[in-house]
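Here is a sequence with its predicted model. Questions after.
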Amino acid sequence: MTDQNARPDGDAPEAGSDALENVQVSSPRTPGGLLRQWWSQIVAGESGVLPVVLGAIAIGIIFQTQNARFLSAGNLVNLLVQGSVFMLIGMGEVFVLLLGEIDLSLGFVAGIGGTVVTELVRSGTNWPWWAAIVTALAVTTAIGALQGTLITRLRLPSFVVTLAGLLGWQGVMIQLLGVGGTIPIPNNTINNLVNGTLSDLTGWILAAGVVLVFGIATAMRDGQRRKSGLAAPPRFLTVAKVVVVAAAAAGLVALSNVDRGVRAFPISGMPWVIPIVLGVLVVWSLLLGRTRFGRYVYAIGGNAEAARRAGINLARVRTIAFSLAGLTAGIGGIMYASRLRSMSTSFDGGTIVLYVVATAVIGGTSLFGGRGHPLHPVLGGIIIAAIVNGMGLLGLSAAIQLIATALVLLASITVDVVVRRRGETAH
């Protein structure tokens with residue numbers, strides 16, 4: 001038995017691709033045919049990331065007309081840094097949401113990661129920064145594996161298990177830090193993960209390397225598909241994708257290299273956290289899009305019973321997914337601690353996990369499972385950061401910011417439900 005979410009050519013299911021990727025199935029040979037097919041898919045509800053991209057553009061226009069500083073280089077780079085923690089933890093949440101599950105504990109799992117790093121590098125412990133990071137990520141991965149095991153082996157609801165985790169790991173974090181405690185991070189390398197910047201030249205070299213690798217990988221993949229007689233995009237689309245990535249990389253580096261400091265303290269260069277986020281995005285995209293494990297995740301989320309009858313070990317895949325969610329949350333927690341140069345019991349993991357789920361859903365990941373991509377929380381994180389940042393520039397209250405974010409989330413959920421119903425009607 002084959003599930004609806006796994007394609008015979010071995011690629012990830014359509015749900016995990018963006019709008020341009022979706023048009024590859026029948027491979028129109030001309031730009032006009034490509035656009036016509038893309039438009040028919042949009043009409044059918046398969047718009048990919050187009051709504052969130054248009055939403056980001058609309059938000060940018062609205063806030064820029066109200067405050068000319070919104071689209072300044074300094075504010076845009078700051079916006080990306082602000083949203084980085086949500087993006088990272090959100091990419092972890094995607095593994096769980098794709099299965100049709102949810103993890104409410106990831107906020108405080110991230111807090112455990114930041115706390116472990118802080119405790120290990122503090123004065124008196126003085127671990128090497130790399131050893132502290134590896135240990136923290138091992139701890140958060142183990143937490144994810146433990147919760148995944150409880151869910152899969154004992155068949156407990158993920159909502160209940162991870163809600164207990166939200167409470168329990170908060171208690172563990174407070175116990176480690178001490179009530180009312182704030183522990184500074186004395187290690188410059190860890191602090192620079194978010195606060196440090198690359199040199200202007202390093203940024204350009206990194207961007208050129210990324211574009212080169214992406215171009216070679218894309219050309220080889222599409223060429224292999226053509227050689228094997230599988231559906232593949234026309235060559236002009238392959239070139240267009242490389243050009244778009246090159247333009248985006250160049251724009252990001254140029255934006256980051258603009259001096260965004262003051263005369264006495266100039267600041268330029270790409271913050272370290274941006275390539276960290278992009279690196280995690282690339283790795284998890286390849287894992288979900290180009291491996292058997294990724295296909296199994298989509299298959300289980302689309303139809304768990306069909307996946308089980310096809311011979312997929314549901315318990316193992318689900319446990320691994322929860323483990324990867326914990327690992328990614330640990331990375332986000334380390335970035336949080338790096339940005340503040342400390343870890344404190346005031347860390348609000350409960351609110352963070354709500355924003356994290358929102359980033360994934362706003363970006364396009366379905367709460368019903370089977371449809372999503374690591375790119376979605378990155379885009380959703382930009383949207384949420386833009387709302388909070390823009391309203392802050394306008395001097396609006398936190399209450400208004402929360403209401404606006406809630407409305408955007410409700411709109412995204414509505415789109416998700418409508419698309420799902422259309423898909424069920426079509427089948």
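Structure's in. What do you need? Numbers count the residues shown, from 1 in each chain.

pretty sure T125 is in contact with T118, am I right?
No. Counting by CB atoms under 8 Å, T118 is not a contact partner of T125; they are 9.6 Å apart. Placement of C-beta: from N, CA and C, glycine included.

Between these two, tell me which one has more neighbours.
T118 (30 against 10; other CB atoms under 10 Å).

who touches the residue lying closest to the more buried one once chain neighbours are set aside in this structure?
Nearest residue to T118, sequence neighbours excluded (CB to CB, 6 or more residues apart in numbering): M343, at 4.0 Å. Listed by CB atoms under 8 Å, 6 or more residues apart in numbering, the contact set of M343 reads 111, 114-115, 117-118, 177, 182-183, 185, 337.

Let's see that with 10 Å instead.
111, 113-119, 122, 173, 176-177, 181-185, 333-334, 336-337 (CB atoms under 10 Å, 6 or more residues apart in numbering).

Correct me if wrong, but it is in a helix.
No. With DSSP: H, G, I helix; E, B strand; the rest coil as the criterion, M343 is strand rather than part of a helix.

Distance of it relative to P377?
Between M343 and P377 the computed distance is 23 Å (CB to CB, to the nearest Å).

which neighbours do T125 and T118 share?
A132.

The chain: strands as residue ranges?
182-184, 342-344 (DSSP state E).

Within the sheet, what are the partner strands of the last one, with directions?
What it means is strand 342-344. Sheet pairing for strand 342-344, assigned by DSSP bridges, gives strand 182-184 (antiparallel).

what separates S344 from A337, distance-wise?
Applying CB to CB, the value for S344 to A337 is 9 Å.

before we move on, what about A406?
28 Å.

So for these two, which residue has more residues nearby?
For A406 versus A337, the count of surrounding residues by other CB under 10 Å is larger for A337: 30 against 11.

shouldn't the more buried one be in contact with W129?
No. Between A337 and W129 no contact is recorded; they are 11.9 Å apart, counting by CB atoms under 10 Å.

what residues are shared contacts of those two?
With CB under 10 Å, 6+ apart as the test, A337 and W129 both reach 117, 121, 185, 190-191, 193.

Let's see which of the residues you listed end up in helices.
117, 121, 190-191, 193 (DSSP state H).

for those residues, which one is nearest L137?
V117 (9.1 Å; CB to CB).

Does R341 touch R122 like I think?
No. Contact criterion CB under 10 Å: R341 and R122 do not qualify, at 12.0 Å.

Which neighbours do the two have in common?
184-187.

hmm, back to that, spit out the residues that contact S344 and A337 alike.
111, 114-115, 118, 183.

tally of neighbours for P128?
12.

ok, it - contacts?
P128 touches 120-121, 134, 187, 189, counting by CB under 10 Å, 6+ apart.

can you tell me how far it sits from V273?
With CB to CB as the criterion, P128 and V273 are 21 Å apart.

Against T328, how distant is V179?
Taken as CB to CB, the span from V179 to T328 is 29 Å.

Ignore what I typed, I meant A247.
Counting by CB to CB, the gap from A247 to T328 is 28 Å.

Among these two, which residue is more densely surrounded?
Set A247 next to T328 and count neighbours by other CB under 10 Å: T328 wins out with 31 against 11.

In space, what's closest to the more buried one - neighbours in sequence excluded?
G92 (3.1 Å).

if we can go back for a sec, from the strands of the chain, which stretch is densest packed?
strand 342-344 (a mean of 21; mean count of other CB atoms under 10 Å).

ok now it, how far from the chain's centre?
Strand 342-344 sits 24 Å away from the centroid of its parent chain (CA atoms, centre = their mean, to the nearest Å).

before we move on, what about stretch 121-128?
On CA atoms, centre = their mean, the centre of stretch 121-128 falls 31 Å from that of its chain.

and it, which residues are buried?
121-122, 127 (16 or more other CB atoms under 10 Å).

Give me the lowest-pLDDT entry from those residues.
pLDDT is lowest at R122 among the buried residues of stretch 121-128; the value there is 91.

before we move on, the earlier item: quick check, nearest of the shared contacts of S344 and A337 to I312?
G111 (33.1 Å).

That closest one against A337, yeah?
Yes. Assessed by CB under 10 Å, G111 is found in contact with A337 at 8.9 Å.

Quick check: neighbours shared by those two?
In contact with both G111 and A337: 343-344, 347, using CB under 10 Å, 6+ apart.

wait, which of those residues is closest to I216?
Nearest to I216 among those, with distances taken as CB to CB, is M343, at 40.7 Å.
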